[in-house]
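**Student:** please find the sequence and the predicted model below.
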Amino acid sequence: MIAALDATPLSLTSGGLHRYVTELSLALAHGFPQDQFVLMSNQAFSCPAAAPRNLTALATPGPGRWWLNGVRSAIRDSNASVFHGTNFEVPWVGRTPSLLTIHDLSPWRDAAWHHAADRVRRRTPWLVRLGRARLIVTVSEAIRREIISRFGVAPEKVRAVPLAAAAMFRPVERSLAPPYFLCVATLEPRKNIPALVQAWRASRATSGAELWLAGRMREDFVPLPPEPGLRLLGEVSDESLPGLISSALAFVYPTLYEGFGLPVLEAMQCGCPVITSRDPAVMEISSGTAIHSSTVGEMAGAMSAIAVQPELRARLSDAGRKRATAFSWSRTATETRAIYAEIARV
């Protein structure tokens, strides 16, 4: 089989979409050496580091009419038998069977969460109505139910294939840095960062800890004013992330809405206690191994408790690591590859 994957998320420098395409394509290539996997986009991107020979890149620069004409030419040039739209889009026309990934419904849930999602809001529903994808894949059962309800798709046409934390996320020796709480996320309105800052302030008299925020700052994020103890780290390299996470008192992720909540799983795999929201997808992934909060007060209380109760930290750390073993990119790739085979036979 030759499978083509939309590589547009690899034009981003970090974030969940970039991680999804990177880890999925590598796991597919390693897990199915008899197949060929071609990453393609009209935007500049790099093939994942250390990609095996059966994972290649096909870049077609220029804006053009990519989803109408350009992608069809790329699919034809690669001789692909299936196309995987990894980020809300598939070709408008063509006979090659397609799989569409809808990560979540945030573009439709609240326009303020996405300053540049007008095209997705407009196009994706039409692609679904026109049946341009033979099947839809998403990343959690919570989002699968939302897709079926919002778009009126037959349940058998929507599959949930969970993600996983990359192998690099593992416990490492704690650093001698001052105590800190950590949040790793693209800084954007949906991540609820102002609430996190308020909770940190309220808990600081008890915890004595700093708050470190790591991640790319999106254009629509309102910058935080400087204050003692608040560190904005910007984008952090993959090599530095496991140590940064492992050394934190807790990973705090107060997101308003997620499709999966990959940073939560990455923190768990590092053995870092997690405080997060009661978003359905995040609760599905954590399965009782995190502290969930709905208000600033609850979040502050959880941060204070984590700071002064080493037995609580140890219990959450152990539970999170065990929960993370239920997920793997090998499983994700195997289930995705089975869908490729299914739509190619239809």
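**Tutor:** Structure received. Numbering: from 1, shown residues only.

**Student:** does the residue of the chain positioned farthest from its centre sit in a helix or strand, and which one?
**Tutor:** Distance to the chain centre peaks in the chain at residue 205, reaching 33.3 Å (criterion: Cα atoms, centre = their mean). Element membership for residue 205, per DSSP states H and E: helix 193-207.

**Student:** and that helix, what's buried?
**Tutor:** Applying a neighbour-count criterion of 16 or more other Cβ atoms under 10 Å, one finds 193, 195, 196, 197, 199, 200, 202, 203, 204, 207 buried in helix 193-207. C-beta here means a position set from N, CA and C on the backbone, and glycine is covered the same way.

**Student:** determine which two of the residues you listed are furthest apart.
**Tutor:** 193 and 207 (18.0 Å; Cβ to Cβ).

**Student:** so where do the helices sit in this protein?
**Tutor:** 16-31, 71-78, 106-109, 118-129, 141-151, 193-207, 241-246, 262-269, 280-286, 296-308, 310-324, 329-345 (DSSP state H).

**Student:** contacting residues around the longest one?
**Tutor:** It refers to helix 329-345. Here helix 329-345 makes contact (Cβ atoms under 8 Å, 6 or more residues apart in numbering) with 1, 3, 23-24, 26-28, 30-32, 35, 81-82, 84, 97-99, 134-135, 137, 159, 161-164, 166-167.

**Student:** starting at the chain centroid, how far to that helix?
**Tutor:** Helix 329-345 sits 19 Å away from the centroid of its parent chain (Cα atoms, centre = their mean, to the nearest Å).

**Student:** below-threshold pLDDT in the stretch 51-200 of the chain: ranges please.
**Tutor:** Applying pLDDT under 70 to the stretch 51-200 of the chain picks out residues 62-64.

**Student:** hang on, residue 44 packs against residue 61?
**Tutor:** Yes: between residue 44 and residue 61 there is a contact under Cβ atoms under 8 Å: 6.8 Å.

**Student:** can you flag the buried ones in the contacts of helix 329-345?
**Tutor:** Those of the contacts of helix 329-345 that meet the buried threshold are 3, 23-24, 26-28, 31-32, 35, 81-82, 84, 97-99, 134-135, 137, 159, 161-164, 166, by 16+ other Cβ under 10 Å.
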